[in-house]
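# okay, predicted coordinates and the sequence, questions at the end:
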Amino acid sequence: MNIIFDIGNVLIAWDLHRAFDDAYPEAAEFDAFLQRTGFYALNLRADQGTAFADLARAVSEPTDAALIRSYPARFARSIAAPVPGSWQILRDLKARGHRIHAITNWSQETWPEALRLHPDLASTFECLVISGREGLLKPDPAIFRLFCARADVAPQDCLFIDDLPANTAGAKAAGMDALPFTGAADLRRELTLRGLL
């Protein structure tokens with residue numbers, strides 16, 4: 001079986017506040033910054049290939065714009081920790097002979113920091129599709145079709161794991177099986193029930 005992992009919040013925890021906690025230490029201030037800048041929408045555009053320096057031009061408040069421009073330099077602080085238990089599941093799946101891949105919504109600009117902090121990312125996956133390189137985002141079924149073509153696999157031979165329901169729905173629309181990730185214990189139980197572990 002081809003097991004395809006999402007990376008953010010499945011294998012590596014993403015704590016966005018840590019990237020900006022020097023500027024906005026209080027949760028309410030940080031939430032206001034996210035709302036004011038439309039950060040999550042900007043981040044999706046980065047995940048599709050736009051540079052943060054270009055995205056900052058859409059932010060009217062100069063201090064906020066400077067923070068958006070500086071996000072790639074701050075990014076490592078937000079991905080310091082692996083998700084507990086997930087990497088062991090991945091290793092156990094690989095030991096059972098399953099082929100391990102990944103499809104991730106991730107900025108091309110911040111991906112080098114992920115590799116620096118988590119070097120196993122460079123060697124773990126047979127096929128790795130990074131949205132920022134491809135100009136495609138999950139849950140668009142096109143990114144799943146791209147993966148299948150690149151990995152030379154049929155979608156019905158794939159199981160995709162992601163923490164966002166919209167992304168698992170996109171995988172299913174492309175013909176894959178999919179599991180929502182809600183934690184390592186639940187994932188291990190589901191994989192065991194399917195006879196994959």
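It's in. This structure is a prediction, so every number in the text was calculated from the model and none was measured.
# show me the contacts for the residue nearest to Gly175 when sequence neighbours are not counted.
Nearest residue to Gly175 in three dimensions, chain neighbours excluded: Pro155, at 3.4 Å (Cβ to Cβ, 6 or more residues apart in numbering). Any C-beta I mention is one placed from the backbone N, CA and C, and that applies to glycine too. If a contact means Cβ atoms under 8 Å, 6 or more residues apart in numbering, then Pro155 has Phe144, Arg145, Cys148, Ala174, Gly175, Met176 as its contacts.
# most neighbours, which of those residues?
Neighbour counts for the contacts of Pro155 (other Cβ atoms under 10 Å) peak at Phe144, which has 27 neighbours.
# go ahead and flag the most central residue of this structure.
Nearest residue to the geometric centre of the chain (Cα atoms, centre = their mean): Gly8, 3.4 Å.
# ok, what's across the strand from it?
Ile12 (DSSP bridges).
# let me see the domain layout of the chain.
2-13+80-193, 16-78 (automatic domain parsing).
# same question for the first one, mean pLDDT?
Over the span of domain 2-13+80-193, the pLDDT mean works out to 97.
# what residues does the biggest helix by length in the chain touch?
Identified as the longest helix of the chain according to DSSP state H is helix 62-74. Residues outside helix 62-74 that contact it (Cβ under 8 Å, 6+ apart) are 19-20, 23, 33, 36-37, 39, 42, 52-53, 55-57, 59, 107, 109-110, 113.
# restricting to C-alpha, output that helix in PDB.
Only the C-alpha atoms of helix 62-74 are listed here, as PDB (Å, rounded to 0.1, in the frame of the first residue of the first chain):
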ATOM      1  CA  PRO A  62       3.500  49.000   8.300                       C
ATOM      2  CA  THR A  63       4.400  47.100  11.500                       C
ATOM      3  CA  ASP A  64       2.200  44.200  10.400                       C
ATOM      4  CA  ALA A  65       3.700  44.200   6.900                       C
ATOM      5  CA  ALA A  66       7.200  44.100   8.300                       C
ATOM      6  CA  LEU A  67       6.200  41.000  10.400                       C
ATOM      7  CA  ILE A  68       4.800  39.300   7.400                       C
ATOM      8  CA  ARG A  69       8.000  40.000   5.400                       C
ATOM      9  CA  SER A  70      10.000  38.600   8.300                       C
ATOM     10  CA  TYR A  71       8.000  35.400   8.700                       C
ATOM     11  CA  PRO A  72      10.400  33.100   6.800                       C
ATOM     12  CA  ALA A  73      13.100  34.100   9.200                       C
ATOM     13  CA  ARG A  74      10.800  33.500  12.200                       C
END
